[in-house]
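*Asks:* Need coordinates for the below:
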Amino acid sequence: MRPTALITGARRGIGAAIAIDLAKLGFDVAITDLADDGADTTTAAIKEAGGRALFVKSDLADVADHASVVKTVTDWSGAIACLVNNAGMPAPTRGDLLDITPAAFDRVLDVNLRGTFFFTQTVAKHMLAVPCAHPRSIITISSASAELASIDRGEYCASKAGLAMAVKLFALRLAPHGIGVFDVRPGIIRTPMTETVAQKYETRIADGLVPMNRWGHPADVARAVAGLATGQFAFATGSVINVDGGLTLPRL
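*Replies:* The predicted structure follows:
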């Protein structure tokens, strides 16, 4: 029987790449997203890769809906072996830190931090209650912004720094049960989310911002997740995996 992976925010971009890679590695894959545009393409690719696929439309910020989403997935598949917390949103606008509004701050943290925290809690309770023969993991796609400060999108950085602590907390709570919890931190990845600032990053990458001197791609993140989801790092819970081309390395 194929294990099941549940990936939030996976109709396109990094989440879709992760979903397709996990299907190739033997997982059936359930994906969630706020919108359904593009979801059919991703579920078709999951099936082409050998897995069953399910799409559930869901707003991660709606904590009251989390139990329903998980029930829909488990009714379809049984036990969840792997949760990938990929859903997130950027700062609504980039600008002066002193101009961030409470509404913008609350919306970003409701999705990126509060939503992810409580969705993880719901899935963790399921994992503790329902046995599974496959190695189990919870993998959060946070960001290099968990460590690097960008004052033109402070609410985003704050949300990702909070996720870094959430990973540590869940890693400690779930370690006695053999559930690995990991923090994967992408750097500058070419996705729809970065298209609006693509020219800015093209220039900065050319000027040496990224030591590997290139954009990251969704496939780079997917490969890192694949190793974690398949149990190859079973004694490394709480670990941070930087997928950033050296962006966060201290330099003189």
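
*Asks:* L249 should be in a strand, yeah?
*Replies:* No - the assignment for L249 (DSSP: H, G, I helix; E, B strand; the rest coil) gives coil, which keeps it out of a strand.

*Asks:* Pull the contacting residues for I20.
*Replies:* Shown here is I20, whose contacts under the criterion Cβ atoms under 8 Å, 6 or more residues apart in numbering are 42, 45-46, 49, 222. Heads up, the C-betas are built off the backbone N, CA and C, glycines and all.

*Asks:* swap the cut-off to 10 Å and go again
*Replies:* Each residue near I20 by Cβ atoms under 10 Å, 6 or more residues apart in numbering is listed here: 10, 29, 42, 45-46, 48-49, 51, 53, 218-219, 222.

*Asks:* Please give the element, helix or strand, for it.
*Replies:* Assigned by DSSP states H and E, I20 belongs to helix 13-24.

*Asks:* which residues of the stretch 1-150 of the chain fall in strands?
*Replies:* Applying DSSP state E, counting those that start in this stretch to the stretch 1-150 of the chain gives strands spanning 4-7, 28-33, 53-57, 82-85, 136-141.

*Asks:* So what are the sheet partners of the first one and their directions?
*Replies:* I take that to be strand 4-7. According to DSSP bridges, strand 4-7 has the following sheet partners: strand 28-33 (parallel), strand 82-85 (parallel).

*Asks:* Off-centre distance for that strand?
*Replies:* How far strand 4-7 lies from its chain's middle: 11 Å, per Cα atoms, centre = their mean, to the nearest Å.

*Asks:* Convert that strand to CSV, retaining C-alpha atoms only.
*Replies:* Extracted in CSV, the C-alpha atoms of strand 4-7 (Å, rounded to 0.1, in the frame of the first residue of the first chain):
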residue,chain,number,x,y,z
THR,A,4,0.0,9.3,1.7
ALA,A,5,1.5,12.7,1.7
LEU,A,6,-0.5,15.9,2.3
ILE,A,7,0.9,19.1,0.9
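
*Asks:* Show me which parts of stretch 156-173 are buried, residue by residue.
*Replies:* Neighbour-count burial for stretch 156-173, with 16 or more other Cβ atoms under 10 Å as criterion, is recorded at 156-164, 166-167, 170-171.
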